[in-house]
Each structure stands twice: as C-alpha cells, then as structure tokens.
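A.B. asks: Output the structure for:
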Amino acid sequence: MNRILDKITNHYRVTLIIIMLLSLPMAWYYGHQKYFNNIDIYFDKSDPDLQFYKQFQETYGNEELAVIAFKHEKLFSKKILLTIDAISTALINEQGVQRLFSLTEAKEAVDTNNTISFQKIIQNKDLSPEGIPGIKNKIMNDPLLVNSMVSKKGTTSAILIELEPVTSNNEKRDILIHLKSVAEEIAGDTLQLRFAGQPFLEVEMNDLTRRDNLKFTPVLLLVIFLILTFLIRKASLAFLTMISLLTTVVWGIGLLTANGETLNMSTVIIPPVLLAISVADSIHLLSHYRETFLTNGNRHGEAVLTALKAVWLPCFFTSVTTGIGFFSFITATIRPPKIVGIFTSIGVMVAFFLTITMLPSFLMLMSKRLSKKEETKDSLKPVLSENTGVIYKYLSRTGEITTTHYRPILIAFIILTTLTIWGMSRLRFETNFASYMPEHIQLKKDILFIDENLGGTIPFVMLIQAKDANHDFTHPDSLKLLSKIQKDLLHDMDHFSSAFSLADYFKEIHQAFNKGKQAWYRIPEKRMDILDYYEVGESDVLDRVVAPDRLEARISFQSHWGSNQLAEKYEIMVKKYMSETLGEHFTYKFTGLSPLYLTMGENLQNSQIRSFLVAFAIILVMMYFVCRSIPLTIISMIPNLFPIMMTMGVMGWFNIPLDVATIMIASVVIGIAVDDTIHFITWYRRNITGGMGNREALQKAFQDVGKPIIITSLVLSCGFLVLILGTVRPTQTFGALTAFSMLAALIGDLLILPAIIRYFNPLKAPE
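C.D. replies: From the prediction side, this is the model:
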C-alpha cells in the first residue's frame, strides 16, 4: 500500500486527470435523476400482498382515484349543477381519464316497458326551480351516492377520476396538472376546488422530494465549507475538500441513476449522508497533514505522504464498517432501504478512494501556495491540528476526569440505559403518506377537508369468496351476506365512510323493476331474478364488483386517513367480525391501499430488525480485527449501541414514529459511530504497545485523536441537521434524530468507552 501512496503523491497530475475522466459519465447520469414515490416501491416485487393487489386491479380495475371536491351551500342549484356537469364533460374526454364519476354522471335504474335502462339522475331539462327539489331528493336518498359523491348535509360533493395506466411518473404528473388546470378554469369563481386522492399525493411527494434534493446538497456543502474554513483557517484548502466531496456525491447518485433507480422519500437522504460521512476521512487526513506540516519544517510533500500513510488504514476500516452498516440494508424486505444501503455503501468506499487519491493530489498541486512561510505564524495556526489552546485543554481535562471518576460515569450510563429501554418499548410505526406532509401544503389541507366534509379517499377492499358454485353470488343468501357485512361494518367502524357492492347494485335494479318503490330496495328472494339482473346490468359496473365466475364478490369501502395504530385496531376488529360471520362456505381477503399501508409498516419493522442485526454482527467481526482482543471488541460495541438506544428512547418518550426514513437510523448510526471508536481504540492500542499503562494510554488517546473525533462528530451532526430544512416529515425527523445520535455517539466515545476500558482493563495493561 505504501508503494501505491508513493505513486499517488509522485504522479498527482495523472491521478487527477484519471479521476476527472471517470467522473464525466457519472456527472451525466447525475443530471438525469428521476423521482418516484408510489407505494409499490416499498414492497418486494414478489410480496404476496402486492401481487394480490396487482391481480385485483387486473380483475376489477384501478382503485386509486383522483378526487376533485368542492363545497357550496347551494350545491343543488342550477348554476352549481351546470358547473359540475361542465367540469365532468370536459374531464371525461381528456387524455389519461379512464372513468369518471360525479353527481351529473350518476345513473339510476329505470323500468321502461318491463326492461331496465340506466339514465342520468340529473337531466338538464329538470334543472328548473320546480325540478331541482326532486333531483336533490333522489340523490340524497341514494345510499350509493351519499358519503361517496355527496355529503350527508348535501353541501359537499366530489368528482372521482379513474386514470388509465401510464408508463412514467412524469406522464402521470402532466396528466394531473392538465386535469387540474381544466377543472379550475371551468370552475372559475363559482367553486373552490380541492384536489386529493392517491395519484395527487404521489405526484406531490415526488415534487417535495425533488425540491428537498435540490436544496440539501448546496446547503450542506456551504455548511461544511464554513466549518472547515474556520477550523483549517485556509479557505482554499476547504474548497479543495468541497471538490472531493461533491465528486463523491456525483459518483454516488450517478451510479444510482445509471442502474435505473429513482429518488424517493427514503433514497433522497443519500446525497447529504454521503457528504456528512465523507468529510470525516478528509478531516482526519487534513488534521494529520497540518500537524506534520507545522512540525517538520514546512516540508509540504513529506507532510502529505506522512499523513496519508498514517490515516489510510484507520480510514479504510472506518469506511468499511460504515459501508457495512449501510450494506446491511440489503436484508430489508422493502426496496428503498435496500437502495439506500447499496449505493450509500458504494459511495462511502468511493469517498475513501477519493480521500486517498484526489485530496492528496490537490494538496500536492497546491504545494507552493500551502508552503508559504506565513503559514507557520501563530495567527494562522489551524484549530484542528495544534496541541494547544482551549480544545486541547478541555480534552486533557476530560481525559483526566473520565479516567478518574469512571464509576459515576458508568452508574449514569446504566440509569440512562434503563430509561431508554422504557422509551423504546413505546415505539410505533407510521406509513400514512398524508401525515408525512407539513400542514401548510395545500394537498394536506385538501385531504383533511375531504375527510371532514365528505368521507375518506383511501380504498379498503374486501373480497368474499364462495367455496363452491352452490354458494356463489347468483344466490340470494350470498348477496344477503354481502349486504349484512357491508351494513354492519359501516355501522361499527367509524374509519369507513362509504361502501359499495354487488348487493347494492342489485337492490337498485330490484327496486326499479318494482315501480321504484323504496320498500323494494332489497335483495330479491328468487335466484332467477338475480340471474336476470346479471343480464340487464351494465357490464362496466358488474366487472368491477364480481368475478366472471361469480365465485368472488367485492365490497369496496372508503376509509379516512389515519394512523397505523388506528388502522391496526380496525383490522383486528374486522377480522374478528368476519370469523364470526362468514360461516363454513366462504372465505375472505383484504386488499386495497389501506391494508397495503399496514403491510408496509410490518415490512418496515422487519427491515429495521434484520438490517440492524446484520450490521451489528458484521461490524462486531470487523472490530475484532481493529481491537485484536475479544474483551476489547465487546467493550467497543457498547458506546456504539448507546447513541442508538438514546435515539430510540427519545422517539418513544416523545411519541415520534418510525417511518420510511427513521427505520434506517439504527443501522446508519452504528455504521457511522463506530468510525470514531476505531480511531480512539487504534491510538489507545498504539499507546499500550508503546509501553504506557491503562490510564495513561487512555489520556494520551484523548490528546492524539480527541480533536478529530470532536470535529467529525460536530460536522456530521451539522450535516444531518441540514435535513430539517426539508419539507417531507420523515426526512426532517431522520435529520434531527441522526444529528442527535452523532452527539450521543461523541459522548459514548469520549466518556463511556474510556470509562468502561478503565474499569475492565481488557488489555490487562498496568494501571
């Protein structure tokens, strides 16, 4: 390795040219990033629940509706109804619209000459002052429309749009923007339109993710530049570090894009995480470079090479352990954490490569500028490299206190651990995408408006399956079972706002065949009548509520946005009810977005546990090669678990949920926190090998590596803290909590680790 390092410093211009040429294709891919936040990405392609949902969509049609809602006290007036009709007529003919449902498109079954026809409930000829009350009465007494397309109070309504399948997310975005523009233009000042539903939510999350990504990298680069400039007291040197860091990000995201991956709420953290992590190696290199430079008579080239040879091995180990921490996400059961793990781990190794090639080459390129005599003046001595001053004094004092009063420190550690375990017991998961948006986002307001005034926009589908043809859905008793389930669940579950099934449709046809009398709105008693209704019913309706073989029927509920805890509670209640109601001739299955969000929560939980255990096991093995002692290896893992436990405890104490981003905190933190532990133990072992006693070796380790540990921890904390500038809540929370974890890791390395080593003396050195 020393030969390679010699070649790098001797042929630094060639090294820089090669790196620049390799960076060109990565820069091209970096400029072609794509964003995608569909719920599908949080499932493995072979996931049975996702496969069932896809199969359901192929059989019954798309369930993810775009919703346009509006409220008006005179909803049933000619002006408003004509406006609704104009919007519906315009949108139904637009590209990308497969089906549209609205008050003016709603149909009713009508008996004409002993046959059934389906006519629009609202006819333009009936929009007279005398005809409108009759229209309102029909609509408000239609159980299929109330709570789905019109509120119980008759003041809020919605237009439901089923989109055609699209080939790209940009195409969906363009379609929705156009539909929104057309609707708003027609509505004018007459109606204030609200837009919600899964398609609008997905597009909004993509826009927020794109906005955050464009914000994070430049802001974090500026923060790191200012910190390094203050510490190094040399803006040109800090600028060179920025070039190296930016190249790391370009490579990381370029490789991600080149492999056809997209950015989403989870993967958007990759660029800032890479920047925050990559700067640690740079700081250690610059720290040793400046230390050597100021003590070897300003021999610049020798200082660069000496520093490079001193730090490459511990930096390699820290990069590998950090990479392993991220690569452990490959065991996750959902795709985004896998992608974060794979490409962040690759990026970490790229950062190590650039730290020992690109940054030293830049230092050599600027040898004349950096070798000026005035560099040695007291006024220009950098903070991070001189063993004098306030930081050094505090570090020396901290080392003395820690090694002297280690027992009280260990007692405080035990108390904190007990409290964090209690907090961790209260952790919960949240996969409600609507809750991820800040309150000021218009879409969030629109979703809340629809939930409060009309009903939910999240589909919950129950498929009832008959075990044999004797109980299929051509029999009255089977349809009555559908009707009972639907009625009971709507009554008992506040989570559901409306429902529709084959039973509702045949009740309406049966009523029409019997002069439209309300008393006949029921399931017919004769199977022959039901078979006739299959013949006269509209195929586009029947195809959406019953399977072609009549052995499976669908009940579609609309549910409100809610927490995972609430959804789990209702799912348990529904399962209990179904087990008591179905009997021996039927089975059932849940699907739709609501159950998928719950399954997604389970996947997140499994992913967190599996990835953390894998990361812990592999890092434990790696730490053995650093410590060369089993007792010291075990001890070294304790300060790395401390920040994770503290963070999870805080989340439990303050009711902060685990979500698509925060589930990665444990594996991320253990992968990063172990870096400073490696540096501390490396210098501690060197001191022991040099003949020092246990206490003296610990105190000397504070002086040897304390400053870089503090600086890297602060830079990492500031780096992650930049994520709170994002607009998506999981990203903000991830940033704040990981920044907190970095500070907790600093406490673990400079207080808890020395205290435990002092108490147990794992290398059996003399006191």
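
A.B. asks: Outline the domain layout of this structure.
C.D. replies: Following automatic domain parsing, one finds the domains of the chain at 2-40+203-366+389-425+599-760, 65-196, 445-591.

A.B. asks: pLDDT on the second one, on average?
C.D. replies: Per-residue pLDDT values across domain 65-196 average out to 87.

A.B. asks: Give me the secondary structure label for the residue positioned nearest the centre of the chain.
C.D. replies: Nearest to the mean C-alpha position of the chain, by C-alpha atoms, centre = their mean, lies V660 at 3.1 Å. Classification of V660 by DSSP: H, G, I helix; E, B strand; the rest coil places it in coil.

A.B. asks: measure it to R211 for me?
C.D. replies: Applying C-beta to C-beta, to the nearest Å, the value for V660 to R211 is 17 Å. (Each C-beta comes from the backbone N, C-alpha and C, glycine too.)

A.B. asks: would you say S497 is within a strand?
C.D. replies: Yes: assessed with three-state DSSP, S497 lies in a strand.

A.B. asks: which non-adjacent residue is nearest H510?
C.D. replies: Closest residue to H510 apart from its sequence neighbours, by C-beta to C-beta, 6 or more residues apart in numbering: P524 at 5.0 Å.

A.B. asks: The one you found and P476 touch, don't they?
C.D. replies: Yes: between P524 and P476 there is a contact at 6.4 Å, judged by C-beta atoms under 8 Å.

A.B. asks: So for the two, which residue has more residues nearby?
C.D. replies: Set side by side, P524 and P476 show more neighbours around P524, with 19 against 16, by other C-beta atoms under 10 Å.

A.B. asks: who touches the more buried one in this structure?
C.D. replies: Going by C-beta atoms under 8 Å, 6 or more residues apart in numbering, P524 touches P476, F506, H510, I530, Y533.

A.B. asks: cutoff 10 Å now
C.D. replies: Taking C-beta atoms under 10 Å, 6 or more residues apart in numbering, we find P524 in contact with P476, L479, F506, K507, I509, H510, F513, N514, I530, D532, Y533.

A.B. asks: And the strands in the protein, which stretches?
C.D. replies: For the chain, the strands defined by DSSP state E cover 65-71, 97-101, 107-111, 116-120, 156-163, 194-196, 458-466, 496-501, 552-559, 586-591.

A.B. asks: Looking at the ones you listed, which is nearest to W683?
C.D. replies: Nearest to W683 among the strands of the chain is strand 458-466; the distance by C-beta to C-beta comes to 55.3 Å.

A.B. asks: Below-threshold pLDDT in the stretch 551-700 of the chain: ranges please.
C.D. replies: 561-564 (pLDDT under 70).

A.B. asks: how close does the residue of the chain positioned farthest from its centre sit to T677?
C.D. replies: The C-alpha centroid of the chain is most remote from N113, which lies 58.3 Å away (C-alpha atoms, centre = their mean). Counting by C-beta to C-beta, the gap from N113 to T677 is 86 Å.

A.B. asks: Check M692 too.
C.D. replies: 19 Å.

A.B. asks: same thing with C718?
C.D. replies: C718 sits 20 Å away from T677, going by C-beta to C-beta.

A.B. asks: higher neighbour count, these two?
C.D. replies: Neighbours were counted for C718 and for T677 using other C-beta under 10 Å; T677 has more, 26 against 18.
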